[in-house]
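[1] One predicted model, sequence on top.
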Amino acid sequence: MAHYSASQIKTFSLCARKWHLDKWSSVPTPPAGAGAELGRAVHADIESFLLQKTSSLNDIAEPGREFLTWLRDRPSLLVEHNINSDGVVGVIDAYSDGVVVDHKTSSDPEKWGLTSTQLESDLQMTIYAAWAFRKEPDRQEITLVHAYYGTKRQSFKLVKAKVSRERIERQYQSALAFVKKNMAHLSTSEINSFEIAGDASACGAYGGCGYLNICNPNQGAQTMPTLEELIAKRKTPTAEVVAPEAPSRETPPAPDAPESPPLEMALDMQLAVDQILTQRPSTTRMATQIAKTAMKARRWTKNRSQELVAASGGRFRFDDLGSVIYADSPVPAAPPAPAKTSSTSAGGLTLYINCVPVKGATGSTFGDYLVDAIKAYPINPQLADYGKGIADIVAAVEPPQSGVVLVDTLNPYWARASQRWIAAAGLVIRGL
Ligand code: SF4
């Protein structure tokens with residue numbers, strides 16, 4: 001039986017081909033970076049401190065001494081505990097009496113650490129909490145803790161969140177459904193990894209994919225979606241509105257239906273709706289603000305907001321300009337109104353950032369330009385000085401002088417390219 005961990009599911013969401021290469025191919029796994037090695041060393045030190053009650057801690061773990069001392073005195077403490085249920089596996093750093101702790105090393109915990117709200121819906125912590133609730137059937141609430149240890153300069157930060165049994169069960173079932181629907185049928189070494197669609201926009205994430213020297217992201221049974229396909233995806237029928245209280249269920253895909261959305265999109269949609277609805281905003285303005293904040297925090301793009309509208313049971317709808325607003329009285333979800341601005345470019349470059357032209361226009365994605373630049377790059381980017389390959393590729397991506405380009409800001413290259421592209425554009429249209 002195949003087993004899945006939170007990191008596998010996240011890798012799959014990033015690039016399904018990378019996940020398959022990691023788990024199911026005979027291609028050697030690229031070595032972990034120095035950061036992963038450092039993390040392992042810090043975890044080993046903390047484990048000795050907690051289990052063998054040693055007194056020393058290395059420089060990185062030392063700022064957490066007070067917290068770790070509190071932790072090791074807690075009842076029935078489990079450390080580095082392996083879990084395995086429903087085919088989902090993981091190692092819980094520490095668990096005791098309703099508290100799940102995960103130790104994280106980070107170059108800058110203030111900058112990269114999760115917020116408490118993000119922690120509530122974190123996939124890894126959801127899996128751990130689901131295990132804890134099964135272990136203790138009478139418990140109704142669990143505290144999730146991320147303990148961050150700064151690696152660039154000594155620092156320590158705790159982020160906590162309380163989560164209910166009901167919420168965790170819902171998130172956990174969403175994750176299981178995603179695995180069953182998207183990953184299970186690919187979990188075999190009989191499939192050639194390169195027949196699975198690669199995602200060029202993921203090649204530069206987290207310091208660069210270790211398979212870039214053997215992988216052409218634009219080659220395989222499926223290639224990057226065209227603008228028309230992206231637009232078609234956004235036109236996926238959303239007529240059936242599921243009431244927030246209704247049990248989740250899977251709808252069989254319609255013939256020729258587009259691929260189901262990536263995990264983070266599916267999970268985030270449900271979680272953001274839950275979050276918005278459970279906060280019971282008292283005014284329209286407050287509700288709209290919560291919706292926008294939730295989407296921003298989860299880096300939603302325009303098409304995700306269509307799913308929010310569909311899943312919110314009529315609590316949210318699109319206004320005349322296509323923005324999501326809160327409906328005082330639930331109304332059936334309606335499709336977005338046509339954009340006010342022209343969707344074609346009459347000379348000059350038009351950038352659609354996190355949105356697509358509702359009708360008419362054709363064009364390319366920023367990813368298309370990236371793929372060309374990656375292919376034209378004179379050497380393997382992995383062989384360039386650390387980070388330099390990416391910088392050079394971004395520099396090589398010339399904005400076109402005219403036409404329509406669709407940009408998804410989740411693309412890890414976009415942050416570096418955005419200034420130049422926006423300056424080159426005659427018209428910039430932004431989604432949420
Ligand atoms: S190089 Fe890019 S497309 Fe290929 S596996 Fe890595 S992330 Fe996916």
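    Yep, that arrived.

[2] what's the distance between the spatially closest residue to residue 120 that is not a sequence neighbour and the ligand?
    Excluding its sequence neighbours, the residue lying closest to residue 120 (C-beta to C-beta, 6 or more residues apart in numbering) is residue 161, at 4.6 Å. C-beta coordinates here come from the backbone N, C-alpha and C atoms, glycine included. Taking C-beta to the nearest ligand atom, to the nearest Å as the measure, residue 161 and the ligand are separated by 31 Å.

[3] for residue 94, same thing?
    Counting by C-beta to the nearest ligand atom, the gap from residue 94 to the ligand is 32 Å.

[4] these two touch, right, that residue and residue 68?
    No: taking contacts as C-beta atoms under 8 Å, residue 94 lies outside contact range of residue 68: 9.1 Å.

[5] Common neighbours of those two, please.
    residue 50 (C-beta atoms under 8 Å, 6 or more residues apart in numbering).

[6] Work out for me the element the residue nearest to residue 120 sits within.
    strand 156-164 (DSSP states H and E).

[7] what about residue 71, which helix or strand?
    Short version, using DSSP H and E: residue 71 is in helix 65-72.

[8] residues in contact with the nearest residue to residue 147 once chain neighbours are set aside?
    Nearest non-adjacent residue to residue 147, counting by C-beta to C-beta, 6+ apart: residue 103, 5.1 Å away. Applying C-beta under 8 Å, 6+ apart to residue 103 gives the contacts 42, 43, 46, 93, 94, 147, 149.

[9] Need these in TSV (columns: pLDDT and distance to residue 348).
    Below are these laid out as TSV (pLDDT from 0 to 100; distance: C-beta to C-beta, whole Å):
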residue	pLDDT	distance to residue 348
42	93	52
43	94	53
46	96	56
93	96	53
94	97	57
147	97	51
149	96	49
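
[10] Save these as JSON lines, and put in neighbour count too.
    Compiled in JSON lines, the contacts of residue 103 are given as follows (neighbours: other C-beta atoms under 10 Å):
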{"residue": "42", "neighbour count": "21"}
{"residue": "43", "neighbour count": "19"}
{"residue": "46", "neighbour count": "26"}
{"residue": "93", "neighbour count": "23"}
{"residue": "94", "neighbour count": "24"}
{"residue": "147", "neighbour count": "24"}
{"residue": "149", "neighbour count": "26"}
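
[11] can you list contacts of the helix or strand hosting residue 90?
    If you go by DSSP H and E, residue 90 is part of strand 88-96. Identification of contacts with strand 88-96 by C-beta under 8 Å, 6+ apart yields 3-6, 43, 46, 50, 71, 74-83, 100-103, 124, 127-128, 131-132, 175-176, 179.

[12] Touching the helix ranked longest in the chain from outside, list them.
    The longest helix of the chain (DSSP state H) is helix 34-51. Outside helix 34-51, the residues within contact range by C-beta under 8 Å, 6+ apart are 54-58, 60-61, 64, 68, 71-72, 77, 79-80, 93-94, 103-105, 107, 149, 151.

[13] Which of the contacts of residue 103 sits closest to the ligand?
    Nearest to the ligand out of the contacts of residue 103 is residue 43 (C-beta to the nearest ligand atom; 26.3 Å).

[14] distance of that closest one from residue 36?
    Separation of residue 43 from residue 36 (C-beta to C-beta, to the nearest Å): 11 Å.

[15] so residue 74 touches residue 100, yeah?
    No: distance between residue 74 and residue 100: 12.0 Å, which falls outside the contact criterion (C-beta under 8 Å).

[16] The two: who's more crowded?
    More neighbours surround residue 100 than the other of residue 74 and residue 100, with 23 against 15 (other C-beta atoms under 10 Å).

[17] Could you say which helix or strand holds that one?
    Assigned by DSSP H and E, residue 100 falls within strand 99-106.

[18] Residue 352 too?
    Residue 352 belongs to strand 349-353 when elements are defined using DSSP H and E.

[19] I'd like the next helix or strand past that strand.
    Following strand 349-353 in sequence, per DSSP H and E, is strand 364-365.

[20] Packing partners of that following strand?
    The elements that strand 364-365 packs onto, with contact taken as 3 or more C-beta pairs under 8 Å, 6 or more residues apart in numbering; DSSP states H and E, are helix 227-234, strand 403-407.

[21] can you confirm residue 128 is in a strand?
    No: according to DSSP: H, G, I helix; E, B strand; the rest coil, residue 128 belongs to no strand; its state is helix.

[22] mind listing what it touches?
    83, 90, 92, 95, 100, 102, 144.

[23] between those residues, which is nearest the ligand?
    Closest approach between the contacts of residue 128 and the ligand, by C-beta to the nearest ligand atom: residue 90, at 23.1 Å.

[24] Residue numbers of this structure in contact with the ligand?
    Residues of the chain that fall close to the ligand, judged by C-beta under 6 Å from any ligand atom: 15, 17-18, 21, 198-200, 202-203, 209, 211-212, 215, 217.

[25] how about a cut-off of 8 Å?
    Counting by C-beta under 8 Å from any ligand atom, the residues of the chain close to the ligand are 14-18, 21, 193, 198-200, 202-203, 205, 209-212, 215-217.

[26] Pull the contacting residues for the spatially closest residue to residue 136 that is not a sequence neighbour.
    Distances taken as C-beta to C-beta, 6+ apart place residue 98 nearest to residue 136, at 7.3 Å, with adjacent residues excluded. Residues in contact with residue 98 (C-beta under 8 Å, 6+ apart) are 132, 136, 139, 141, 142, 143.

[27] Kindly recompute the last result at 10 Å.
    74, 129, 132, 133, 136, 139, 140, 141, 142, 143, 162 (C-beta atoms under 10 Å, 6 or more residues apart in numbering).

[28] Please apply the same query to residue 193.
    16-27, 186, 211, 214-215, 220.

[29] Which ones among those lie within helices?
    Those of these lying in helices (DSSP H): 16, 17, 18, 19, 20, 21, 22, 23, 24.

[30] Is it possible to get TSV of the residues you listed that adds pLDDT?
    Formatted as TSV, these follow (pLDDT from 0 to 100):
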residue	pLDDT
16	91
17	93
18	94
19	95
20	95
21	95
22	94
23	94
24	94
